[in-house]
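**Q** I need the structure of the sequence given here:
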Amino acid sequence: MALAAAVLLALALLLAVPVAVAFRFQRVEAFGGRISVRWLFGLVRFAVPIPGTAGPANSRPEPRAKARKRGARKPVLAVLRQRAFRRRVVRLLGDLVAATHPRDVSLRMRVGLGDPADTGRLWALVGPLNAAAGNLRDVEVQIEPEFMDPTFEFHCAGLLRVIPLQLLALAIAFGLSPASLRAWRTLIWGHA
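**A** Model prediction:
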C-alpha cells in the first residue's frame, strides 16, 4: 500500500512539472514549421521539424471510404443538439487555452480571395476578430486583407507553458461532468 502511494505521489510530482513548447509555423510558398519541447527544467529536450507540404499540382485525391449508414450519425447529431454539452465543450476549450499559458505568441497573416468583393465579405468576419485579438495579453495578432490576388500566407510563433497535471484534471472534470455523461449515454445507448 505504501509503495503504491509513493508511486502515485512520484507520478503526480512528475506531471506537475511544466512542459515548455516553443513553436514556429509559416506558410509563404509552402507550409513548414518546428516544435521544440523542454521538460524537467531542460533535462529532456527534443524538436519536431514539420516539413513543407508542397505537393505536385496534378495529384489526385485519395479515394474516399464508403459512407456509413445514416443511422450511425443519429446519436452524434443528438449529442450535438444538447445545449448543455455544447456549453461544456466551449468551456473546456476556454479552459484549455488558459491552461497553455501562452507567452510571446504572434500571428501575422495575409488573406485574399482574388475578388475584392469576396475578400471584403471575408474581412467583415475576420476584421472584428483582428481587433478583438488586440486585447489579448502576450498575444500579438495582425491580419491583413489582400484585395487583388488570392493569398493565404501566415507566420505564427510563440511559447506555451503546459502543466500536464492541470490538463489531466481538466480532462477528468470534462469527462465526468453531467453534460458529458449524458452525451456518452446518448452515444452508447442512443437516447438521452
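**Q** so Ala99 touches Leu160, yeah?
**A** No: counting by CB atoms under 8 Å, Ala99 does not reach Leu160; the two are 9.4 Å apart. C-beta here means a position set from N, CA and C on the backbone, and glycine is covered the same way.
**Q** where does the chain have low pLDDT?
**A** By pLDDT under 70, the low-scoring segments of the chain are 53-73, 191-192.
**Q** returning to that earlier point: ok, Ala99 and Leu160, which is more surrounded?
**A** Leu160 (19 against 15; other CB atoms under 10 Å).
**Q** what about that one, helix or strand, and which?
**A** strand 150-162 (DSSP states H and E).
**Q** Show me what secondary structure element comes after that strand.
**A** Next along from strand 150-162, by DSSP H and E: helix 164-175.
**Q** Contacts for that following helix, please.
**A** 12, 15-17, 19, 88, 92, 95-96, 99, 180 (CB atoms under 8 Å, 6 or more residues apart in numbering).
**Q** buried set for it?
**A** Using 16 or more other CB atoms under 10 Å as the test for burial, helix 164-175 gives 165-167, 170, 174.
**Q** how far does that helix sit from the chain's center?
**A** 16 Å (CA atoms, centre = their mean, to the nearest Å).
**Q** Could you do stretch 2-13 as well?
**A** That offset, for stretch 2-13, works out to 31 Å (CA atoms, centre = their mean).
**Q** All further residue positions should be reported with the first residue as 18.
**A** Noted, 18 is the first residue going forward, which turns the last one into stretch 19-30.
**Q** quick one: contacts of it?
**A** Contacts of stretch 19-30 (CB under 8 Å, 6+ apart): Leu182.
**Q** repeat for stretch 129-144
**A** 128, 160, 162-169.
**Q** Drop anything exposed from the residues you listed.
**A** Here, 16+ other CB under 10 Å leaves 128, 160, 162-163, 168 buried among those.
**Q** I'd like those laid out as CSV, including secondary structure and distance to Gly69.
**A** Below are those laid out as CSV (DSSP: H, G, I helix; E, B strand; the rest coil; distance: CB to CB, whole Å):
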residue, secondary structure, distance to Gly69
Val128, strand, 20
Ile160, strand, 23
Pro162, strand, 25
Glu163, coil, 21
Thr168, strand, 18
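**Q** okay, among those residues, which ones form the most distant pair?
**A** Ile160 and Thr168 (11.7 Å; CB to CB).
**Q** which stretches of the chain form helices?
**A** 19-32, 91-97, 100-116, 133-150, 181-192, 195-206 (DSSP state H).
**Q** Just put these in CSV and tack on distance to Val65.
**A** Below are the helices of the chain laid out as CSV (distance: least, CB to CB, whole Å):
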stretch, distance to Val65
helix 19-32, 21
helix 91-97, 32
helix 100-116, 20
helix 133-150, 26
helix 181-192, 17
helix 195-206, 31
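**Q** And those: which comes nearest Glu46?
**A** Using CB to CB, those put helix 133-150 closest to Glu46, at 21.0 Å.
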